[in-house]
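A.B. asks: kindly generate the corresponding structure for this input.
(2 chains)
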Amino acid sequence: GAVVSQHPSWVICKSGTSVKIECRSLDFQATTMFWYRQFPKQSLMLMATSNEGSKATYEQGVEKDKFLINHASLTLSTLTVTSAHPEDSSFYICSAPNREEGQDTQYFGPGTRLTVL
Amino acid sequence: QKEVEQNSGPLSVPEGAIASLNCTYSDRGSQSFFWYRQYSGKSPELIMFIYSNGDKEDGRFTAQLNKASQYVSLLIRDSQPSDSATYLCAVDTDKLIFGTGTRLQVFP
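C.D. replies: Numbering: from 1, shown residues only, chains lettered A, B, ... in the order given. Predicted coordinates for the structure are as follows:
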């Protein structure tokens, strides 16, 4: 299967600071990537769709000015959590679709655990 | 009504048994269906995808799809303790919608 990487795997920051998370497709190109957030014992919640060369599409209730997304190339998307607060502490996971058997199959990165103090 | 529904479990099965995981979805127009496994503290990893009605087998895993009943299932044969995880059903409409997952426990 396809490989998606994320960096960093975990980060601890102070309240009010910004944190950037990178998502890379290693062996394929992705014009779209997806960012999810998962709180403990809950399912994945889609935050936004990252589009190469255009603006990201945010899900209802997700603040676009707080969660900045930049799809810099066909293999890289970044999520910046601005002015992070403790309630932003979560597991952030990206995914990218790879075309298999004529359909898009989503592959997930290993996730980034964010803890805001 | 939730778009993708799964029984949260836990589903407990003895080692060597068949584990049966079920999922229903509401969007009749859905075309692609996925099963992911998620270990605690890790991100989901793809087990199988299925697009056509019927069964699809891959090793110990069999996915079953019935579009008329809007039902997709995953069978795990010869269950092992290492299969203990949360299994997420995902349905692709215009975006991937996840169920809340079923926690599977395989005991020795």
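
A.B. asks: list the contacts of the top strand by length along chain A.
C.D. replies: Longest strand of chain A, by residue count under DSSP state E: strand A:90-100. Strand A:90-100 has contacts (CB atoms under 8 Å, 6 or more residues apart in numbering or on different chains) with A:1-2, A:4, A:6, A:21, A:23, A:25, A:28, A:30, A:32-39, A:44, A:50, A:77, A:79, A:81, A:104-109, A:111-114, B:41, B:43-44, B:49, B:96. All C-beta atoms are positioned from the backbone trio N, CA, C, and that covers glycine.

A.B. asks: chain center to the lowest-mean-pLDDT helix or strand in chain B: distance?
C.D. replies: None of the helices or strands of chain B scores lower by mean pLDDT, DSSP states H and E than strand B:96-98, at a mean of 89. Chain-centre distance of strand B:96-98: 12 Å, with CA atoms, centre = their mean, to the nearest Å.

A.B. asks: so what strands line up beside that strand?
C.D. replies: strand B:85-92 (antiparallel) (DSSP bridges).

A.B. asks: which other residues reach the partner strand?
C.D. replies: Contacts of strand B:85-92 (CB under 8 Å, 6+ apart): A:43-44, A:103-104, A:106, B:3-4, B:6, B:21, B:23, B:25, B:27, B:30-40, B:44, B:47, B:72, B:74, B:96-99, B:101-104.

A.B. asks: just the buried members of those residues?
C.D. replies: A:43-44, A:106, B:4, B:6, B:21, B:23, B:25, B:30, B:32-38, B:44, B:47, B:72, B:74, B:96-99, B:101-104 (16 or more other CB atoms under 10 Å in any protein chain shown).

A.B. asks: weed out the non-buried ones from the contacts of strand A:90-100.
C.D. replies: A:2, A:4, A:6, A:21, A:23, A:25, A:30, A:32-38, A:44, A:50, A:77, A:79, A:81, A:105-109, A:111-114, B:43-44, B:49, B:96.

A.B. asks: and chain A, which of its residues are near chain B?
C.D. replies: A:1, A:34, A:42-44, A:46, A:49, A:91, A:93, A:95, A:100-101, A:103-111, A:113 (CB under 8 Å from any CB of the partner chain).

A.B. asks: switch to 7 Å and redo it
C.D. replies: Residues of chain A lying close to chain B by CB under 7 Å from any CB of the partner chain are A:1, A:43-44, A:46, A:93, A:103, A:105-111.

A.B. asks: distance to B:N66, secondary structure and pLDDT added to these, as CSV?
C.D. replies: What follows is these, written out as CSV (distance: CB to CB, whole Å; DSSP: H, G, I helix; E, B strand; the rest coil; pLDDT from 0 to 100):
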residue, distance to B:N66, secondary structure, pLDDT
A:G1, 26, coil, 70
A:S43, 23, coil, 85
A:L44, 24, coil, 89
A:L46, 26, strand, 92
A:I93, 29, strand, 97
A:Q103, 18, strand, 77
A:T105, 21, strand, 87
A:Q106, 22, strand, 89
A:Y107, 26, strand, 92
A:F108, 26, strand, 94
A:G109, 32, coil, 96
A:P110, 33, coil, 96
A:G111, 32, coil, 97
